[in-house]
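[1] Show me how the following folds:
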Amino acid sequence: MKSIFKSAMVASVAAMGLSLAACDSAQENAAEDAGEQNAEMVNEQAEAMDDAGQITDAEADAMTDTAEDQADAMEDQAEAAAEGDAAATPPAE
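    Residues are numbered from 1 along each chain as shown. Okay, here's the model as predicted:
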């Protein structure tokens with residue numbers, strides 16, 4: 001019985017996560033995609049520079065971390081803007 005309950009809870013949490021993910025606006029998705037693409041490009045450049053001996057592993061990691069932080073910030077800004085738009089939109093009658 002406990003395993004059935006646990007399975008139901010896991011399925012419920014997974015469904016909630018999917019429904020929340022589906023609520024992202026097009027602007028949020030675009031910001032997330034752009035941020036991820038930029039972070040991937042920075043990561044590739046950092047790895048190439050590290051392989052060429054131009055920077056250390058730690059410097060390459062720092063570059064990648066900074067790019068990932070910027071991607072997260074872009075997504076957060078888009079989410080905040082979307083939430084602001086939703087709050088400003090009057091309810092349908």
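[2] pLDDT averaged over stretch 57-75 - what is it?
    Averaging pLDDT along stretch 57-75 yields 94.
[3] Give me the spatial nearest neighbour of residue 28, chain neighbours excluded.
    Nearest-residue entry for residue 28: residue 78, 4.4 Å, with adjacent residues in sequence omitted and distances by C-beta to C-beta, 6 or more residues apart in numbering. C-beta coordinates here come from the backbone N, C-alpha and C atoms, glycine included.
[4] One more: residue 43?
    Leaving aside its chain neighbours, residue 43 sits nearest to residue 64 (4.6 Å; criterion: C-beta to C-beta, 6+ apart).
[5] for the one you found, what are its contacts?
    If a contact means C-beta atoms under 8 Å, 6 or more residues apart in numbering, then residue 64 has 39, 42-43, 46 as its contacts.
[6] Quick check: the residue nearest to residue 28 vs residue 52, distance?
    Applying C-beta to C-beta, to the nearest Å, the value for residue 78 to residue 52 is 35 Å.
[7] Please apply the same query to residue 67.
    Using C-beta to C-beta, one obtains 19 Å as the distance from residue 67 to residue 52.
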